[in-house]
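*Asks:* model this:
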Amino acid sequence: MSNVTVAELTATNLVIVAGKGGVGKTTVTAVVARAAANAGRRVLVVELDGKPTLGELLPDIEVRHLSAPELLEDYLFEHGFKRIARRLASTGVIDVIGTAAPGIDDLVVLGKIKQLERSGHWDVIVVDGPAAGHAITFLTAAPGLLDAVRSGPVRDQATDVQALLADPERCQVVLVTVPETTPVNELIELSFAIEERVGVRLAPVVVNQVDAAVGLPDPREVDFGRARVQVDDAIAAADFRRERVATQQHELARLRSDVPIAQLHLAARPTADITADDVDALAAGLAP
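*Replies:* Numbers count the residues shown, from 1 in each chain. Prediction:
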């Protein structure tokens with residue numbers, strides 16, 4: 001684990017956590033939120049995919065779910081389309097609007113997050129953002145609509161959202177990966193895209209499931225004596241772990257070279273399942 005601190009991960013009012021699906025993005029969201037709460041910060045967690053996981057991992061921290069269709073209905077309602085908003089919602093047409101106007105559903109979600117950030121009710125808002133493929137379109141919704149819309153409430157909303165994302169005092173993105181080739185490739189691509197197209201501040205990268213073993217012996221140099229029961233299996237397991245550690249170290253070095261910012265390493269766990277106790281333990285390992 002590097003010397004990355006809680007303060008670095010929560011240096012802005014808004015922290016958006018993003019990464020390839022399956023790399024532990026939700027786990028990292030929970031760890032960052034728990035660490036911030038342990039440091040005495042008022043924390044709100046926002047989740048976008050409808051899963052109940054974060055509420056289970058953070059039972060004493062406020063978790064709020066944001067739904068794009070519901071927020072789009074609210075948006076139409078607030079801008080003078082009360083009757084049509086209800087009709088569109090009841091017929092399912094409101095989902096079609098989100099598809100027909102690329103970026104509008106992401107914009108209304110970001111607009112709501114902007115409202116929460118501006119309210120001043122929380123010191124830190126941690127967003128369990130979309131997976132890497134959607135993260136680029138999510139974060140570039142505002143500049144895309146600024147190019148497409150010349151006036152009106154949509155442009156005003158896009159302007160405000162873009163101002164939030166591009167302000168290094170208000171917003172940063174925590175990118176998450178595991179030390180494997182494909183996830184690292186996607187993180188590198190994502191980091192370039194959001195820096196170039198959005199101008200958002202990048203926080204330290206979090207690398208999950210790192211095998212921290214050092215100095216593993218070569219099993220062929222270990223004297224097993226005369227006992228040979230299961231020795232071949234033990235050697236195969238040792239070879240596998242040594243190869244995994246070597247591969248991970250190679251990917252970590254490549255990540256440091258291509259994305260030269262600080263890294264926080266979270267240790268590999270024996271199972272993929274994570275509990276609130278695991279989150280507490282990981283958060284406790286972060287420096288204030």
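*Asks:* Might you report the residue contacts of T140?
*Replies:* T140 sits next to 103, 193-194, 197-198 when contact means Cβ atoms under 8 Å, 6 or more residues apart in numbering. No exception for glycine: its C-beta is placed from N, CA and C like everyone else's.
*Asks:* could you flag which of these are buried?
*Replies:* Buried residues within the contacts of T140, counting neighbours by 16 or more other Cβ atoms under 10 Å: 103, 193-194, 198.
*Asks:* ok, back up a step: quick check, nearest of the contacts of T140 to V17?
*Replies:* Of all the contacts of T140, I194 has the smallest distance to V17: 12.8 Å, by Cβ to Cβ.
*Asks:* Return the member of the contacts of T140 nearest to Q172.
*Replies:* Among those, and counting by Cβ to Cβ, the member closest to Q172 is I194, at 10.6 Å.
*Asks:* Cross-check the contact I'm expecting between that closest one and V200.
*Replies:* Yes - using Cβ atoms under 8 Å as the test, I194 is close enough to V200 to be in contact (5.3 Å).
*Asks:* Give me the common contacts of those two.
*Replies:* By Cβ under 8 Å, 6+ apart, I194 and V200 have these common neighbours: 139, 173.
*Asks:* mind listing which of the buried ones among the contacts of T140 are in helices?
*Replies:* Those of those mapping onto helices are 193-194, per DSSP state H.
*Asks:* quick one: which of the buried ones among the contacts of T140 is nearest to T271?
*Replies:* Set against T271, the nearest of the buried ones among the contacts of T140 by Cβ to Cβ is I194 (31.7 Å).
*Asks:* residues in contact with the closest one?
*Replies:* Shown in contact with I194 (Cβ under 8 Å, 6+ apart): 135-136, 139-140, 173, 200, 202.
*Asks:* Reformat those residues as a markdown table; add secondary structure.
*Replies:* Formatted as a markdown table, these follow (DSSP: H, G, I helix; E, B strand; the rest coil):
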| residue | secondary structure |
| --- | --- |
| A135 | helix |
| I136 | helix |
| L139 | helix |
| T140 | coil |
| V173 | strand |
| V200 | coil |
| L202 | strand |
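*Asks:* what about A212, which SS state?
*Replies:* Going by three-state DSSP: A212 is coil.
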